[in-house]
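Novice: could you work out the structure for the sequence below:
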Amino acid sequence: MMLVGLLIGFFGRAVYIERLGPLPLPSPVSMLVFVAAIWGIAAAIAVVGPSLPAVNPPRVQIMRAATGLLWWLVAIVCAMLTAASEGVIVQAAVARNVLLFVAIATIMVALGAVQLSWLPVTLLVVCSLQFGWRPHGTSPIRWWAVAVNENSTARQWFVIGSIAALALTLLALLRPIDRMTLGRRRGV
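Specialist: This next block holds a predicted model:
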């Protein structure tokens, strides 16, 4: 999935989307928003491993968090490579989006909903695209629609970093396993 995201990112980085299906968007949005979502979901799913014994020692927890962080860094590096020709400001925004999307998807994975890890990320992207724009005001983008904001601020990084820290903590403590597949293997 990361390779697909990398290919789409390289060939579609100059593409701007003006419609989402039959609905026109208030403002054109870069394809990199969607590619960042693909990388985030792929990095979150990559940490799912086989079911381990019921014992969950601290060394396993640390290793699980380190593996998750490694996949997160791979996704962010892919994002930075794709957006390299777009400039530092766009690179920071794409990296911020990848971190946000991977953190949200990782929370779903840690809670055992691997098959639904794409859902909150997709809902955030679609809601940001459709409802994140203000008709008038000081800022054209609402505070919660960071996915479509081309500028990144220290406050956004702090909040998204906090969400990422929560996701890594949940990932380390809750032993992410594919509960639906595990149930099928046991015949339940």
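
Novice: from here on, just use CA atoms for contacts and neighbour counts.
Specialist: Noted.

Novice: apart from its neighbours in sequence, what residue is nearest the residue most central in space within the chain?
Specialist: With distances taken as C-alpha atoms, centre = their mean, residue 101 lies nearest the centre of the chain, 1.8 Å away. Leaving aside its sequence neighbours, residue 101 sits nearest to residue 40 (C-alpha to C-alpha, 6 or more residues apart in numbering; 4.8 Å).

Novice: my read is that that neighbour contacts residue 94, right?
Specialist: No. Contact between residue 40 and residue 94 fails when scored by C-alpha atoms under 8 Å: they sit 10.9 Å apart.

Novice: more neighbours, those two?
Specialist: Using other C-alpha atoms under 10 Å as the criterion, residue 40 and residue 94 rank with residue 40 on top: 31 against 28.

Novice: now the helix or strand hosting that one: mean pLDDT?
Specialist: In this assignment (DSSP states H and E), residue 40 forms part of helix 32-45. Averaging pLDDT along helix 32-45 yields 86.

Novice: and it, what does it pack against?
Specialist: Applying 3 or more C-alpha pairs under 8 Å, 6 or more residues apart in numbering; DSSP states H and E, we find helix 32-45 packed against helix 2-12, helix 58-82, helix 88-110, helix 118-131.

Novice: mind pulling up the pLDDT for residue 121?
Specialist: Model confidence at residue 121 (pLDDT) stands at 93.

Novice: residue contacts, it?
Specialist: Residue 121 sits next to 37, 41, 101, 104-105 when contact means C-alpha atoms under 8 Å, 6 or more residues apart in numbering.

Novice: with residue 135 as the reference, measure out to it.
Specialist: For residue 121, the distance to residue 135 (C-alpha to C-alpha, to the nearest Å) stands at 24 Å.

Novice: now do residue 171
Specialist: For residue 171, the distance to residue 135 (C-alpha to C-alpha) stands at 39 Å.

Novice: who's more crowded, the two?
Specialist: The neighbour comparison of residue 171 against residue 135 (other C-alpha under 10 Å) goes to residue 171, with 29 against 9.

Novice: contacts only, for the more buried one.
Specialist: 64-65, 68, 106-107, 109-110.

Novice: nice, that's everything, thank you.
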